[in-house]
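J.: pasted the sequence and its predicted model underneath.
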There are 4 protein chains.
Amino acid sequence: MPNSFGKLFTITTWGESHGPSVGVVIDGCPPRLPLTEAEIQTELDRRRPGQSDITTPRKEPDTVQFLAGIFEGRTTGAPLAMLVSNTDARPEAYTEMAGKFRPSHADYTYQAKFGHRDHRGGGRSSARETIGRVAAGAVARKLLHLAGKVEVRAFVTQVHDIAAPALPHFPSLAEVDANAVRCPHPESADRMIARIKQARSSGDSVGGVIECRVRGVPPGLGEPVFDRLEADLARAMLSLPATKGFEIGSGFAGSRLMGSQHNDTFENRDGVIRTTTNYSGGVQGGISNGEEIVFRVAFKPTATILQPQKTVDVHGADTELAARGRHDPCVLPRAVVIVEAMAALVLVDHWLRHSAQTQTFKF
Amino acid sequence: MPNSFGKLFTITTWGESHGPSVGVVIDGCPPRLPLTEAEIQTELDRRRPGQSDITTPRKEPDTVQFLAGIFEGRTTGAPLAMLVSNTDARPEAYTEMAGKFRPSHADYTYQAKFGHRDHRGGGRSSARETIGRVAAGAVARKLLHLAGKVEVRAFVTQVHDIAAPALPHFPSLAEVDANAVRCPHPESADRMIARIKQARSSGDSVGGVIECRVRGVPPGLGEPVFDRLEADLARAMLSLPATKGFEIGSGFAGSRLMGSQHNDTFENRDGVIRTTTNYSGGVQGGISNGEEIVFRVAFKPTATILQPQKTVDVHGADTELAARGRHDPCVLPRAVVIVEAMAALVLVDHWLRHSAQTQTFKF
Amino acid sequence: MPNSFGKLFTITTWGESHGPSVGVVIDGCPPRLPLTEAEIQTELDRRRPGQSDITTPRKEPDTVQFLAGIFEGRTTGAPLAMLVSNTDARPEAYTEMAGKFRPSHADYTYQAKFGHRDHRGGGRSSARETIGRVAAGAVARKLLHLAGKVEVRAFVTQVHDIAAPALPHFPSLAEVDANAVRCPHPESADRMIARIKQARSSGDSVGGVIECRVRGVPPGLGEPVFDRLEADLARAMLSLPATKGFEIGSGFAGSRLMGSQHNDTFENRDGVIRTTTNYSGGVQGGISNGEEIVFRVAFKPTATILQPQKTVDVHGADTELAARGRHDPCVLPRAVVIVEAMAALVLVDHWLRHSAQTQTFKF
Amino acid sequence: MPNSFGKLFTITTWGESHGPSVGVVIDGCPPRLPLTEAEIQTELDRRRPGQSDITTPRKEPDTVQFLAGIFEGRTTGAPLAMLVSNTDARPEAYTEMAGKFRPSHADYTYQAKFGHRDHRGGGRSSARETIGRVAAGAVARKLLHLAGKVEVRAFVTQVHDIAAPALPHFPSLAEVDANAVRCPHPESADRMIARIKQARSSGDSVGGVIECRVRGVPPGLGEPVFDRLEADLARAMLSLPATKGFEIGSGFAGSRLMGSQHNDTFENRDGVIRTTTNYSGGVQGGISNGEEIVFRVAFKPTATILQPQKTVDVHGADTELAARGRHDPCVLPRAVVIVEAMAALVLVDHWLRHSAQTQTFKF
């Protein structure tokens, strides 16, 4: 089930960039959760194209509607299905893509794997597929919030070679959404926005790094040995378009420390077992330890650029491609919302699994 | 099923560091594969403790035996079960660990999650659990080799702050295994070995980075949108003890390039569609594109160090711990084999899945 | 994932009786399959309410629309999503059900499990949920037909105490659909129809037995030990509303034979290994043997009857219920189509699994 | 994962009739459950061959040993692995089976599916595979007992054409195990035993029906729409060797009743919502309703008979087979234990799933 994610809180997404709609089914949602389309819409609006002058100009309201699973304003325990219609599809803008493979896109591999492909806007490989993830993630976030005031906050920490300084605090949503690039360090944000505009004006694109922090997670979430919390977070993040890397806690930089520097010593802080430092990133042995969960995701520069590029056509002949179509010169500002959604989905799923194994039968 | 991995070629591992045995069941192995215990043993010997003067002195032959699933030297299609007995268990060496949580180990989180824990040598959280992975990985590697001369080769590319230069070629097994640290760049290897010995002599430990390359994989493996090939590789790697990061192709560094630099243009090379560069790391849109698959995994410094550390006991009282027990001052030389095993398991599983969906019914 | 079925050809259904819509997502459909909404509609029309004078008078066109997964008339390998709107919902007809539990319906158990329930027409427990199964089953049947001329044919063999004689041949679709009750033995069909009308006129209901036969299945489908072909067929059938029993081949009657009578001896018939008899029902050791697959499913009488019945209200107080709402006095004529759909789904899934394990790597 | 069963309490079995061992891994067992090998052994002894003069004379102590997952007498939350060695293997007794297909066994289908087969005693298709199920079932039964005094009791209700009268009460274990055939109606038991001996003396075999009842299950277990409780019970039972049918509650006979006869009216009994009758068999809409769960399983006569039978050899040539080897002339007395084990496994798995979805997050 390559289009499903989660073992107990399972989402299944469908839809292509220029087909009639995109959507998601959640199977396993706890019953009686109060839920409105407006709550889902709030998150979709944060992901929506055209929300600022550094995102794609594609105009889509991305209005969500419940198809099933809600009764009298609450979830029922039955599948919760949600749909968003595609309203600004312009398949004619993609005619050239029908015959040529765009570099560093999924055109060639989809063709190689499936024998044909919906080339319109990338079809299934388009990031429009993530709408279903964000809609489901909104449900997961509400569950986490009600369960224990768990907050999931992602933000942009690097665009191209502009890296914001390490953030000393857990940022508020307002801080993150205060600027178009969603970097809670205003000076860096200004530079990042300028860099993105500069890339766009030269028909080029940039990538960067998103950091995500989660606070309020109790100790115990994560299922060794294969379904370690960080393993499922890594899978979730690498399942997003344009991602090339994941690191938790100290990450790659931690590999340059000595054990005596890197170990997080335990201490009793106000009657609670805590770690003095958090190189572990909130996870030890694959299980949350109650500290803040901190991870980072690397995104490559957007593959769609407006400069002519060498490539081959579907018959394998060398040719050149001048990309058209609307696109984001940098995906990170909108991807922040998607990273949060995936993190929330992982956490809810693990919360349910942990509860099942350790809370059902007690000895 | 947190102790199972893979959807069609599924392994389930069991066992603790100081219990009677560790083992693995493979469910879904193709039938009629010729297989001997000696072939499995070859890989286990590469993972075995005590194989060099920079690994743990624990003496374990790690001799594998088939429990089921082989008939007349071939797999039968039934579960293939393999067992390795623990022969050098010294639980008395770990008495102090019963009452105290070792920093940056899984002691505290296992206790928090499960309510008690097998503290002897880390119990289930010990890297001895990976024996089952390596045994199963040996089967996967044989399948890959027979299927298409696919080769999976991991090697150490960084230890502490000593980074080997980028390797210009696909290294042979002999090159990798030529030195104790498994770095195919001899000068770097010498320095890495010295650094590891230095760490050990000061009761400290070091981490590093392993790179893995796979060649011979045909285009088409990987199942968007959630079971992208890189997503499953990331999950596989982050499911290993001591890992903190994963990156594929250009990885984190790629996030600092412009799209015009980063895009892998296509070209027709001798009648085959190839990319001129390989920033993608062999995967595009979650599907292999026929190029070399290249990824890197970050390992933290070994958590067990012989210096006294602050911690708390199981009652939450502040205390101090002086670690004992045999351990690796750097896990990377042995982890190379485990990374290869996990990569092979991911690839075989995806090979089977790809074949099922696209080769069973043809139109 | 309680609302998903199948491991490689996976369907996920959603929707309630009186919600906005019902639908299904197929994940894992082979790519390039030519497919039209009209082909799906043909099967939905056979399931549709109001198709004859012995089914519910609810008027629903049950028009299917593709939401995603089709490009230029062929499947793409991406999720295939299909939706049917509910157009004749009359929730006001079910007001009494909001406060009382209908006997032998799911009202009480849904309330007990989920804490509340969509009482309108049974909500998720309504047989309208099976629309998604039939739509997905139509795709599965096309795959089976193209793959090997496999035919799946179910028919009514018993209504109340009227049992048709054993059918000596594999019936054509025309024979089955020749009468409203879908029994290919015309004399029995007449009596069954009369019995159903008699039950309805007295405000009562009847059950019966459906037989299903499948021909053209090659030897080899089925995955011991737990995913035996008959085990998955049994699960599929008992997952249908109103089913109380399943038997394959000789079934319960076979338990009264001696081994010497019951064993299916092998013979070489025209160069092919065949069995002389078929008490096994086409499956041995959980794997198809190339003979006709034959199974039967028992359905209870429809729980909705128009006679007053004792029951309790949602507060547990004894009360009486006079059912209203439109219903089938006998579900079997329409259930024939659903049984066929589920059988086809099981077979396609096992075909893919068998192919993956035994055809991908050959030795 | 065809050799795994259960979503949260997952068992994976391995082993062949004449290989070195059979075993099972339980993944997802709740931690801290007190457990001894002796408790497992008790159930294995009830399944053991040679326990009476109507079972196979094969002598196997079937002694279980824990391989992993227990610490200080309690489960740890890690995989619980158990092994039973095969000690009385006599592969030479099966030489003829290497070249010929035994009628109504799995010889032909395994050969057709896998391309070769372990012919010794049926290899993986032997009922020795169920040892792992019984061992795991013993753990499940203990969980059910501790959780809510849930009792699972199966017994033989029919052998050949000898049917015991409907049992008016829930039988005790002592009543069931009071005679060799495990039928709690002594007069019927005597006749059944005589019939089995008669069949054996004529080199023939008989089948029959096992009934299983479960009391103490709370309302709410079962996951519509596909993982209905009866669907998973049906799958579990049809996954057992030699089974041909499953029915729950009124079953096939219920299909001959009118709705007004068959409906289970609700009543308030001592403040609890109960049904007056139990045609539903304890399950409504796929979910337990708190009444006794009652189902029956049909077993065919043992395929191994000592009379000469026609068959074909592995080259497809007609030949004759005179079976040898030790076998049960009737599998039912020992299968009682296996039916109980599978029922317990289904219930524990559903208990965990129900708890996860409805008890983790409350609104």
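T.: Noted; the coordinates are in hand. Not measured: the values here are computed from a predicted model.

J.: so what sits opposite A:Ile70 in the bridge?
T.: Note on A:Ile70: beta-bridge partners by DSSP bridges are A:Thr75.

J.: distance of it from A:Pro31?
T.: A:Ile70 sits 11 Å away from A:Pro31, going by CB to CB, to the nearest Å. Quick note: C-beta positions are derived from backbone N, CA and C, even for glycine.

J.: got the residues of the stretch 1-150 of chain A near chain B?
T.: With CB under 8 Å from any CB of the partner chain as the criterion, the stretch 1-150 of chain A meets chain B at residues A:2-5, A:13, A:101, A:103-110, A:112-115, A:124-125, A:129.

J.: in helices only, show me the residues you listed.
T.: The helices, defined by DSSP state H, take in A:107-110, A:112-114 from these.

J.: just the buried positions in the helix or strand A:Glu340 falls within, please.
T.: Applying DSSP states H and E as the criterion places A:Glu340 in helix A:332-359. Under the neighbour-count criterion of 16 or more other CB atoms under 10 Å in any protein chain shown, helix A:332-359 has A:332-358 buried.

J.: how about that helix, does it get close to chain D?
T.: Yes. Judged by CB under 8 Å from any CB, helix A:332-359 comes into contact with chain D through A:351-353, A:355-359.

J.: how far does that helix sit from its chain's centre?
T.: Centroid separation between helix A:332-359 and its chain, computed with CA atoms, centre = their mean, to the nearest Å, is 11 Å.

J.: with stretch A:222-229 instead?
T.: When C-alpha coordinates are averaged (CA atoms, centre = their mean), stretch A:222-229 and its chain have centres 20 Å apart.

J.: next: stretch A:41-59.
T.: On CA atoms, centre = their mean, the centre of stretch A:41-59 falls 15 Å from the chain's centre.

J.: average pLDDT for it, rounded please.
T.: Stretch A:41-59 carries an average pLDDT of 90.

J.: go through the worst-scoring helix or strand of chain A on mean pLDDT and flag the buried ones.
T.: Lowest on mean pLDDT, DSSP states H and E among the helices and strands of chain A sits helix A:95-99, with a mean of 85. Neighbour-count burial for helix A:95-99 flags A:96-97 (criterion: 16+ other CB under 10 Å).

J.: sorry, back to before: looking at the residues of helix A:332-359 next to chain D, spot the one nearest chain B.
T.: Nearest to chain B among the residues of helix A:332-359 next to chain D is A:Thr358, at 6.5 Å by CB to the nearest CB.

J.: in the stretch 51-200 of chain A, which spans are helices?
T.: A:95-99, A:107-114, A:130-148, A:173-176, A:186-201 (DSSP state H, counting those that start in this stretch).

J.: in the shortest one, what counts as buried?
T.: Spelled out, it's helix A:173-176. Buried, per 16+ other CB under 10 Å, within helix A:173-176: A:175-176.

J.: other SSEs contacting it?
T.: For helix A:173-176, the elements it packs on are strand A:151-159, judged by 3 or more CB pairs under 8 Å, 6 or more residues apart in numbering or on different chains; DSSP states H and E.

J.: and for the longest one?
T.: On a contact count with 3+ CB pairs under 8 Å, 6+ apart, helix A:130-148 meets strand A:10-15, strand A:21-27, helix A:37-47, strand A:80-85, strand A:151-159, helix A:332-359.

J.: thinking again about what came up before, dump the helices of the stretch 51-200 of chain A to a markdown table, plus distance to D:Leu229.
T.: Formatted as a markdown table, the helices of the stretch 51-200 of chain A follow (distance: least, CB to CB, whole Å):
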| stretch | distance to D:Leu229 |
| --- | --- |
| helix A:95-99 | 50 |
| helix A:107-114 | 38 |
| helix A:130-148 | 26 |
| helix A:173-176 | 43 |
| helix A:186-201 | 55 |
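
J.: so which of the residues of the stretch 1-150 of chain A next to chain B reach chain C?
T.: Checking the residues of the stretch 1-150 of chain A next to chain B against chain C (CB under 8 Å from any CB), the matches are A:2-4, A:13, A:110, A:113-115, A:124.

J.: closest to A:Arg74 out of the helices and strands packed on helix A:130-148?
T.: strand A:80-85 (10.7 Å; CB to CB).

J.: quick one: is that closest one near chain D?
T.: No. Under the criterion of CB under 8 Å from any CB, strand A:80-85 makes no contact with chain D; the nearest approach is 12.6 Å.

J.: so what strands line up beside that strand?
T.: Strand A:80-85 has its sheet partners listed here by DSSP bridges as strand A:21-27 (antiparallel), strand A:64-68 (antiparallel).

J.: quick revisit: and the helix holding A:Glu340, does that touch chain C?
T.: No. Judged by CB under 8 Å from any CB, helix A:332-359 stays clear of chain C, getting no closer than 11.4 Å.
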